[in-house]
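K.L.:
below: sequence and its predicted model.
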Amino acid sequence: QVQLQESGPGLVKPSQTLSLTCTVIGDSITTNDYFWCWIRQPPGKGPEWMGVIAYTGITYGNPSLKSRASISRNTSQNQITLQLSSVAPEDSSMYYCTRVYGWPPGLHDSWGQGTQVTVSS
C-alpha cells in the first residue's frame, strides 16, 4: 500500500520561498498513468490544487497561483517537491500530497497526512 509523507519547515517568513517534500513509499513516482499532486486547504476553506507532476515528469500548475508554485521530482529518492515563492500570510495552510490516477480530473486515491505551514514574521 502506498504511503505519502509530507515534510516541510512549518514556519516561513513572508516573501520567502516555501519548499515542501513528499516522500512516496510503496510505489514509484514513475509508475504509468499516475500523477502526483499538491493540494492545500486553509482553515475554513475548500481545497485548492497547487500543481501536478505526471509519471513522465511533465508538470501542470494552477494558473491562479501566477507561476509562484513549481513542482519537481527526484526519482532516485522517490520524492515530489513543491516550491512556493513570495509567500504571504494567506498561504498559511495545511498542505497535502496526493496520488492521482488518470488526471485530469483523476481519482485522488492516496493522501498524505499533510503538513502545516504558517507564514508569519
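P.N.:
Arrived safely. Residues are numbered from 1 along each chain as shown.

K.L.:
which SSE is the residue nearest the centre of the chain in?
P.N.:
Geometric centre of the chain, nearest residue: Trp38, 2.4 Å, by CA atoms, centre = their mean. Counting by DSSP states H and E, the element that carries Trp38 is strand 34-41.

K.L.:
what comes up buried for that strand?
P.N.:
Tyr34, Phe35, Trp36, Cys37, Trp38, Ile39, Arg40 (16 or more other CB atoms under 10 Å). Yep, even glycine has a C-beta here, placed from its N, CA and C like the rest.

K.L.:
for Ile25, which non-adjacent residue is closest in space?
P.N.:
Leaving aside its sequence neighbours, Ile25 sits nearest to Gln3 (CB to CB, 6 or more residues apart in numbering; 4.3 Å).

K.L.:
same question, Gly102
P.N.:
What sits nearest to Gly102 in space, not counting adjacent residues and going by CB to CB, 6+ apart, is Asp33, at 6.1 Å.

K.L.:
and what of Tyr101?
P.N.:
The shortest distance from Tyr101 to any non-neighbouring residue, by CB to CB, 6+ apart, is to Leu107 (4.8 Å).
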